[in-house]
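Chemist: Provided below are the primary sequence and the corresponding predicted coordinates.
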Amino acid sequence: MPPFERSEGWTRSADGTALFWRAWRTPSPRGAIAIVHGLGEHSGRYDHVGAFLAGRGYDCWAGDCRGHGLSPGPRVHVDDFGRYVEDAGAFLALAGGRGPLFLIGHSQGGLITLLRALRHPEGLSGVVASSPYLAVHPAAAPSALKLKATSVLLRVAPGFLVATGLDTGVLSHDPQVELDYVADPLVSKKVSPAWLRAANSVQTELDQGAARFSVPALVMAAGDDRLVDPAAIRAWAQKVPTDFIEWPGMYHELFNEIEKEKVLARVADWLAGRARIHGQ
């Protein structure tokens, strides 16, 4: 396993927004990876992912999207997911130039990853989407009352933050994951109505643009996900020339499940296959 060094710092998105990043770098990488986190969380929750992949020869960079973690901006609020796509572009720019370039995203980050690949396929050797937020699971769907309240807020206060109502008990079968998530001061537990509208818009864009999706992709669903709908992920993957894996019995956070090493090893194998195509 090659050695690697951790580092951290700041960069800027296309519109000048400051973004915090963490990196795990190896002296002679076989490729480079940018990692995009999920809703309300941050790059620090992916330290073990960056370390695992750096230990297999990849330079890894993970950043906090605007309004998440240490990056400034209104907490979990955007009018347009294109802003997150630009943030992912900034992380890719940090990672680029050292072999094949990959983008990995989880949940909200999986949605951003697929959207980035659809809108800006150039330069990407492949993408990995873990439990991408292509549709909410029926068990986590907002009530009619909450939908009505959201509709009102969209007209009068689109940036007003409301509780996500996230069931933290179904993040992972590892109880420590929930304890750490709840106690993490950098994890946001609220979201704006504008974010919800923006997410719904790009879900539709990805569905309608499936025929144009051209970047090699590994798409993974958690069989017992109760936050994101695995059926929607499966249906989308069937429209696109992707490699699709459904992990039976696993909860939403595949990279934090009890058997996460198995998931990470599968990701590493897929990346290695793509890197070989590029002579690395």
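Modeler: That came in fine, so what should we check first? Numbers count the residues shown, from 1 in each chain.

Chemist: helix, strand, or coil at Ile104?
Modeler: Three-state call for Ile104 (DSSP: H, G, I helix; E, B strand; the rest coil): strand.

Chemist: right, and it touches His37 too?
Modeler: No. If you go by Cβ atoms under 8 Å, Ile104 and His37 don't touch, sitting 10.1 Å apart. Glycine gets a C-beta too; all of them are placed from N, C-alpha and C.

Chemist: any idea how many residues pack against Arg75?
Modeler: By the measure other Cβ atoms under 10 Å, the count of residues near Arg75 is 17.

Chemist: wait, is it part of a strand?
Modeler: No. Read with three-state DSSP, Arg75 is coil and lies in no strand.

Chemist: quick one: pLDDT of it?
Modeler: Note on Arg75: pLDDT of 93.

Chemist: try the one 3 residues further on
Modeler: At Val78 the predicted local confidence, pLDDT, stands at 95.

Chemist: equivalent analysis for Ile35, please.
Modeler: You'll see Ile35 listed with a pLDDT of 98.

Chemist: let me see the contact set for the spatially most central residue of the chain.
Modeler: By Cα atoms, centre = their mean, the chain has its centre lying nearest to Gly109, at 1.9 Å. Contact partners of Gly109, counting by Cβ atoms under 8 Å, 6 or more residues apart in numbering, are 35-38, 65, 130.

Chemist: just Val267 next, same as before
Modeler: Applying Cβ under 8 Å, 6+ apart to Val267 gives the contacts 53, 104, 128, 218.

Chemist: do the same with Leu154
Modeler: The contact partners of Leu154, by Cβ under 8 Å, 6+ apart, come to 193-194, 197.

Chemist: shouldn't it be within a strand?
Modeler: No. Under three-state DSSP, Leu154 falls outside any strand and is assigned helix.

Chemist: roughly how far does the nearest residue to His106 once chain neighbours are set aside sit from Trp270?
Modeler: Spatially, and ignoring its direct neighbours in sequence, His106 is nearest to Ser130 (4.3 Å; Cβ to Cβ, 6 or more residues apart in numbering). Distance of Ser130 to Trp270, computed by Cβ to Cβ, to the nearest Å: 12 Å.

Chemist: do Leu154 as well
Modeler: Shown here: Leu154 relative to Trp270, a distance of 39 Å by Cβ to Cβ.
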